[in-house]
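Novice: Turn this into a structure:
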Amino acid sequence: MDSYNGIIVYRDNETKKPMDGYFIVGNKYSKWEEFNLKNGVLNGDDIVFRDNGEMYTHSTYVRGKLHGEEKKYYPSGKLQSVDTYNNGIQYGKSKDYYESGQLRTESKIENETVVESITYDIIGNIISQMFIDDGRKITQYIKNGKLFSEDISSTYDNFEAKKFYNRDGSLKIYLQMLDDQDDNHFLIELDENGDEIKRIDVKANPQEFLKYRQYFVDM
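Specialist: Just a heads-up that it's a prediction; the model follows:
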């Protein structure tokens with residue numbers, strides 16, 4: 001086989017011509033993979049098997065590129081994940097499952113990037129969710145059904161911060177970590193509007209920084 005523009009081309013070992021047909025690869029004890037080729041490239045189903053005989057992945061190709069659903073399975077044979085592709089590019093919904101069948105994570109993909117996601121625990125409770133709002137990626141963590149904290153990062157600069165919440169939903173503390181061009185590290189406490197309340201030089205005042213240590217343990 002060889003590759004052309006990132007697409008694998010399967011060729012006959014003797015004639016070197018592109019191969020056509022449905023192929024099963026394995027030995028007399030088990031099969032490892034089965035796939036369909038058209039003009040030497042994957043076209044249709046491509047199924048990869050585990051050593052125990054269970055299916056590992058089931059993908060669909062068109063002209064050598066992933067197109068449609070790709071499913072992955074646990075060694076037990078239970079569904080592990082489902083992703084969707086269009087002409088080799090991942091898009092749309094992506095789902096991951098616990099082996100019990102419970103949905104673990106559901107994500108929305110745009111331009112091969114996750115723009116939204118929700119993660120569940122083993123019994124179906126939401127434990128985190130991520131979304132992009134006004135150029136900032138926000139990941140919320142949920143404990144006992146209530147918002148516990150948020151990770152905030154910018155999609156266009158180096159802004160990174162963390163919010164913690166009280167049980168009643170009010171803001172407990174809003175912290176930003178900032179590194180300047182001189183390799184100085186600052187911890188900045190912000191109010192709920194994002195305005196600076198306090199700035200700590202981590203190197204110059206480590207004892208003051210340690211007062212906030214509990215929040216970084218929680219992170």
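Novice: Distance of Gly169 relative to Thr15?
Specialist: Using CB to CB, to the nearest Å, Gly169 is found at 70 Å from Thr15. Any C-beta I mention is one placed from the backbone N, CA and C, and that applies to glycine too.
Novice: Please parse this protein into its domains.
Specialist: Domain ranges of the chain: 1-111, 125-219, per automatic domain parsing.
Novice: want to throw the ones you listed into CSV with mean neighbour count and mean pLDDT?
Specialist: As requested, those are arranged in CSV below (neighbours: other CB atoms under 10 Å; pLDDT from 0 to 100):
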stretch, mean neighbour count, mean pLDDT
domain 1-111, 14, 95
domain 125-219, 13, 91
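Novice: would you turn those into a markdown table with distance to Ile118?
Specialist: Below are the domains of the chain laid out as a markdown table (distance: least, CB to CB, whole Å):
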| stretch | distance to Ile118 |
| --- | --- |
| domain 1-111 | 5 |
| domain 125-219 | 5 |
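Novice: And Pro206, its phi and psi?
Specialist: phi -60, psi -30 (degrees, to the nearest 10).
Novice: dump the residue contacts of Thr105.
Specialist: 94-96, 117-120 (CB atoms under 8 Å, 6 or more residues apart in numbering).
Novice: what pairs with the host helix or strand of it, and is each one parallel or antiparallel?
Specialist: Using DSSP states H and E, the element containing Thr105 is strand 103-110. Strand 103-110 has these partner strands in its sheet, going by DSSP bridges: strand 89-97 (antiparallel), strand 113-120 (antiparallel).
Novice: surely Lys71 meets Val48?
Specialist: No: here Lys71 does not reach Val48: they are 10.9 Å apart, not a contact under CB atoms under 8 Å.
Novice: what sits in contact with each of these two?
Specialist: Jointly contacting Lys71 and Val48 under the rule CB under 8 Å, 6+ apart are Thr57.
Novice: Quickly list what Thr139 is bridged to.
Specialist: Assigned bridge partners for Thr139, using DSSP bridges, are Met130, Asp151.
Novice: just checking, it touches Glu160?
Specialist: No: assessed by CB under 8 Å, Thr139 is found out of contact with Glu160, at 11.4 Å.
Novice: Which residues are in contact with each of the two?
Specialist: With CB under 8 Å, 6+ apart, Thr139 and Glu160 have common neighbours 151-152.
Novice: Kindly reformat the strands paired with strand 103-110 as JSON lines containing distance to Tyr29.
Specialist: Listed next are the strands paired with strand 103-110 as JSON lines, based on distance: least, CB to CB, whole Å:
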{"stretch": "strand 89-97", "distance to Tyr29": "30"}
{"stretch": "strand 113-120", "distance to Tyr29": "39"}
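Novice: For Gln80, find the nearest of those strands.
Specialist: Gln80 sits nearest to strand 89-97 of all the strands paired with strand 103-110, at 6.0 Å, using CB to CB.
Novice: who's in contact with Lys38?
Specialist: 20, 44, 63.
Novice: Please repeat the previous calculation with a cut-off of 10 Å.
Specialist: Contacts for Lys38 (CB atoms under 10 Å, 6 or more residues apart in numbering) come out as 18-21, 44, 61-64.
Novice: Let's have the residues you listed in a markdown table, adding distance to Glu196 and secondary structure.
Specialist: Conversion of the contacts of Lys38 to a markdown table gives the following (distance: CB to CB, whole Å; DSSP: H, G, I helix; E, B strand; the rest coil):
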| residue | distance to Glu196 | secondary structure |
| --- | --- | --- |
| Pro18 | 64 | strand |
| Met19 | 65 | coil |
| Asp20 | 67 | coil |
| Gly21 | 67 | strand |
| Gly44 | 59 | strand |
| Tyr61 | 53 | strand |
| Val62 | 53 | strand |
| Arg63 | 55 | coil |
| Gly64 | 54 | coil |
